[in-house]
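A.B. asks: structure, please.
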Amino acid sequence: MRRQTATCGVAPAGSSRSLRLDPLSLPVRFDAHDPRADGHVRQIELHRERVVLRRAVRGMQMAINVRVSDFTGVALRGNDEAQALVLVHRDPSLSVPLLVGADGDELTEAWAIWSELFALPQLDEGARKP
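C.D. replies: Numbering: from 1, shown residues only. Below is the predicted model:
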């Protein structure tokens, strides 16, 4: 199995790094912010057919395996200053960031690629289209 390691997922305060996953290089494992998890971090493993979310809450380790087909779509979220693509689940705590802090053309292209890859609709959740 070929693995991609995200160059980041949880950027430290003041960091200019942004999340940029390559949809054509799955599976990928990365860390993301989770306010309910110990250390405010969860680990995400993203495959074409499933997503595995791992975190610890009050010392209890847990892993949640979710089929990609259980997600509602790929959303474009944000405003003029910051935009992101998110794999959206009806339970917001299971949603997964895919791309953060990209320019408009890159966001538009990635939005279409992620949507097609997962066979999920593109959702516009109030973001200003690039």
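
A.B. asks: what residues are up against Val51?
C.D. replies: Val51 is in contact with 44-45, 65-66, 68, 71, 87, 94, 96, counting by C-beta atoms under 8 Å, 6 or more residues apart in numbering. Backbone N, C-alpha and C define where each C-beta goes, glycine included.

A.B. asks: neighbour-wise, which of the residues you listed leads?
C.D. replies: Leu87 (23 neighbours; other C-beta atoms under 10 Å).

A.B. asks: A strand includes it, no?
C.D. replies: Yes. Counting by DSSP: H, G, I helix; E, B strand; the rest coil, Leu87 is located in a strand.

A.B. asks: nearest residue to the middle of the protein?
C.D. replies: Using C-alpha atoms, centre = their mean, the residue of the chain that lies closest to the mean C-alpha position is Pro97, 1.9 Å off.

A.B. asks: beta-bridge partners for it, please?
C.D. replies: Note on Pro97: beta-bridge partners by DSSP bridges are Val86.

A.B. asks: how close does it sit to Arg58?
C.D. replies: 24 Å (C-beta to C-beta, to the nearest Å).

A.B. asks: also Gly78?
C.D. replies: Distance from Gly78 to Arg58, by C-beta to C-beta: 32 Å.
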